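A.B. asks: test case, fold it:
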Amino acid sequence: MSLFLPKLASKKEIDAVIKNVAEKVLVLRFGRDEDAVCMQLDEILSKTAHDLSNMASIYLVDVDKAPIYTRYFDISYIPSTVFFFNGQHMKVDYGSPDHTKFVGCFKTKQDFIDLIEVIYRGAMRGKLIVQSPIDPRNVPKYDLLYHGI
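C.D. replies: Reported below is the predicted structural model:
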């Protein structure tokens, strides 16, 4: 399903998209095309991309082709989804220790749509962190990994 979503293959491309996507939520899915969970998430992203086109731009980033961003966002588990609005990194309180990214696959398309709507509305009001509308039972649980400590 990832054939329908644009892919970013370098730091330069990612920087350009972060800088140039205006008045929309920028969704960056970090992962690998051949990973089963990434494919599951890509299907949800591609099915909702058209419906959310007024509010969001969705891109796929291969973790192996963007090691700088993979380290910067501490992408230890894939898929990980990061959100921006007008160049600002948007944080979401999922009820987990990490507010910088969503780790794993959304359970339903509606969970993803609801999250984008909340981020968009919050960003339009100047917020940099929003409360997740996703049922906490639908948020994947994981332990934070700290490398090199």
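
A.B. asks: the helices in this protein, which residues?
C.D. replies: 11-20, 36-49, 67-72, 109-124 (DSSP state H).

A.B. asks: which strands and helices sit next to the third one?
C.D. replies: Meaning helix 67-72. helix 11-20, strand 25-31 (3 or more C-beta pairs under 8 Å, 6 or more residues apart in numbering; DSSP states H and E). Every residue, glycine included, has its C-beta placed from N, CA and C.

A.B. asks: in that helix, what's buried?
C.D. replies: By 16 or more other C-beta atoms under 10 Å, the buried positions in helix 67-72 come out as 69, 70.

A.B. asks: of all the helices and strands packed on helix 67-72, which lies closest to residue 93?
C.D. replies: Closest to residue 93 of the helices and strands packed on helix 67-72 is strand 25-31 (C-beta to C-beta; 16.2 Å).

A.B. asks: buried sites along that closest one?
C.D. replies: 25, 26, 27, 28, 29, 30, 31.

A.B. asks: can you list the helices of the chain in JSON lines and add mean pLDDT and distance to residue 102?
C.D. replies: Below are those laid out as JSON lines (pLDDT from 0 to 100; distance: least, C-beta to C-beta, whole Å):
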{"stretch": "helix 11-20", "mean pLDDT": "95", "distance to residue 102": "17"}
{"stretch": "helix 36-49", "mean pLDDT": "94", "distance to residue 102": "9"}
{"stretch": "helix 67-72", "mean pLDDT": "91", "distance to residue 102": "15"}
{"stretch": "helix 109-124", "mean pLDDT": "95", "distance to residue 102": "8"}
